[in-house]
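>>> okay, here's the prediction I keep looking at, along with the sequence it came from:
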Amino acid sequence: MRGSLSQSAELCIPQQKTRTLHGHRVLPDVIDHHVMVEPGSLGQASAPRSRSWANAFIALFLAYQVGMPLSYYLSDRVHDERFSWRMFSTVRLQECDVQVHELAERSGTVRERPVVVERDLQIAWIGLLKRLRPAVVEKYLRQRCERAHAQQVTLQGQCVNSNGEAMPERSFAVHCATGQWSTDGEP
């Protein structure tokens, strides 16, 4: 019975010429849709060149990954850790208190008034402000000048380092009429 079933199955399949591809029997329409390549001939001429390009790319990528953070440690941008190895960071462990004051004229008298930073900024920006990043501090103080019509806006920051020791107080100011930016207490 088995013999008759396989014979009848062979009878239903039209006879096609088969060819061999790498030692396997393949139907002709399969061969037409594939590129015929001799075994062992793939990419022999381009392999060393492509490998050297890949090695050069890897070397440049690794140099960039080491060079970017290293540039932070060799520069004087102590408070800008965007490109540093943060696992070695002590700046993130500092705890700082900031106070912002502005001099504004009301009814002919110039008075100093405190600014509630939480009303102006989102929590992420307050964190950057508390790290005393000069670019963030300057931008915020200049915006306060425009918004509050103040004569001068100052920020004073007192930080404690990771050992619990007080660091020198830093202060920043913008004279609103002239736009003059000043800092003191730089580490």
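Sure, I can see it.

>>> distance check, residue 132 against residue 169.
10 Å (CB to CB, to the nearest Å). To be clear about C-beta, it is placed using only N, CA and C from the backbone, and glycine gets the same treatment.

>>> any common contacting residues for those two?
Each of residue 157 lies in contact with both residue 132 and residue 169 under the rule CB atoms under 8 Å, 6 or more residues apart in numbering.

>>> who has more neighbours out of these two?
Between residue 132 and residue 169, counting by other CB atoms under 10 Å, residue 132 is the more crowded of the two (26 against 11).

>>> ok so the more buried one is a helix residue?
No. Judged by DSSP: H, G, I helix; E, B strand; the rest coil, residue 132 forms no part of a helix; its state is coil.

>>> shaky segments in the protein?
Within the chain, the segments meeting pLDDT under 70 span 1-47, 72-73, 76-92, 185-187.

>>> report the longest strand in it, please.
Counting by DSSP state E, the longest strand found in the chain is strand 95-106.

>>> which positions in it come out as buried?
Of all the residues in strand 95-106, those buried under the rule 16 or more other CB atoms under 10 Å are 98, 100-104.

>>> show me the helices in this structure, by range?
Taking DSSP state H to define them, one finds helices in the chain at 2-12, 28-32, 47-74, 117-120, 123-130, 134-148.

>>> burial measure for residue 183, as a count.
Residue 183: 14 neighbours (other CB under 10 Å).

>>> is it in contact with residue 135, as I believe?
No. With contact defined as CB atoms under 8 Å, residue 183 does not count as touching residue 135 (11.8 Å).

>>> wait, which of the buried residues of strand 95-106 is closest to residue 69?
Nearest to residue 69 among the buried residues of strand 95-106 is residue 98, at 27.1 Å by CB to CB.

>>> not counting its neighbours along the chain, what's nearest the closest one?
residue 157 (4.6 Å; CB to CB, 6 or more residues apart in numbering).
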